[in-house]
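Peer 1: Dropping the sequence and predicted coords here.
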Amino acid sequence: VLKIGNQSRPKIFDLTLKKPEPIYEKSIEINERIRILDKVKNYDTIEEVCEAFEIEKKENVRKGKSYWIEIMIPIDEEEVKEKIVREMMVLNNQNDNSRELESVAICLIHSYTYDENEKIIGKICEEIGFKQISLSSQVPIEKLVPRGLTCTVDAYLTPKITEYI
């Protein structure tokens, strides 16, 4: 998503337009999915939401910051940890092994309203040893691309700024 961006093209007819290189090295897809149901203000209880949206498993319904959500695919913490460790090993083998990966940006689609899965992934990254963990749910933007880009820039710049200060 960050590589594709929002498809805005300032010079629409420029055939030699070059996109800037991404500031991240790797993107990892996490197998989790939540569905936005409706605004929190429209329903008072989980039971009302389940009835309105014909949801049988009410344990999958949660109240987010501003929307009711349904967990369609729950996060598998072991799978997440395995994927991150595997990708870190691949990147370390591709690089000169003298520099370690120190920061990570975590951006899930609906984390602006339900941030629990980002927090779980952040905790896993902390256990693995990342020094800078940036969560997109801490960025006050709903749209995925600008929230993801802001989070990525934070993960990239914070260690450099901290080192400078």
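Peer 2: Sure, I can see it. Numbering: from 1, shown residues only.

Peer 1: can you pull up the bridge partners for Arg33?
Peer 2: Beta-bridge pairing for Arg33 (DSSP bridges): Ile73.

Peer 1: was I right about it contacting Asp76?
Peer 2: No: distance between Arg33 and Asp76: 11.9 Å, which falls outside the contact criterion (C-beta atoms under 8 Å). C-betas here are computed from N, CA, C, even on glycine.

Peer 1: burial of Val61, as a residue count?
Peer 2: 20 (other C-beta atoms under 10 Å).

Peer 1: What's the separation between it and Ile161?
Peer 2: Between Val61 and Ile161 the computed distance is 40 Å (C-beta to C-beta, to the nearest Å).

Peer 1: cool, and Cys151?
Peer 2: 15 Å.

Peer 1: do Glu54 as well
Peer 2: Glu54 sits 49 Å away from Ile161 when distances are taken as C-beta to C-beta.

Peer 1: These two: which has the busier surroundings?
Peer 2: Shown here are Glu54 and Ile161; by other C-beta under 10 Å, Ile161 has more neighbours (10 against 6).

Peer 1: looking at the chain, which helix or strand is least sure?
Peer 2: Within the chain, confidence by mean pLDDT, DSSP states H and E is lowest for helix 77-94 among all helices and strands, at a mean of 87.

Peer 1: What is the distance between that helix and the centre of its chain?
Peer 2: Put simply, helix 77-94 sits 16 Å off its chain's centre (C-alpha atoms, centre = their mean, to the nearest Å).

Peer 1: Show me what counts as buried in stretch 138-156.
Peer 2: Judged by neighbour count using 16 or more other C-beta atoms under 10 Å, the buried positions of stretch 138-156 are 138-139, 144-145, 147-152, 154-156.

Peer 1: wait, which of the residues you listed is closest to Ile109?
Peer 2: Among the buried residues of stretch 138-156, Leu144 lies closest to Ile109 (C-beta to C-beta), at 5.8 Å.

Peer 1: For that closest one, give me its contacts.
Peer 2: Val1, Cys107, Ile109 (C-beta atoms under 8 Å, 6 or more residues apart in numbering).

Peer 1: So what touches the helix or strand containing Trp68?
Peer 2: Secondary-structure assignment from DSSP states H and E places Trp68 in strand 67-73. Strand 67-73 is contacted from outside by 31-40, 43, 49, 53, 55, 60-63, 110, 113-114, using C-beta under 8 Å, 6+ apart.
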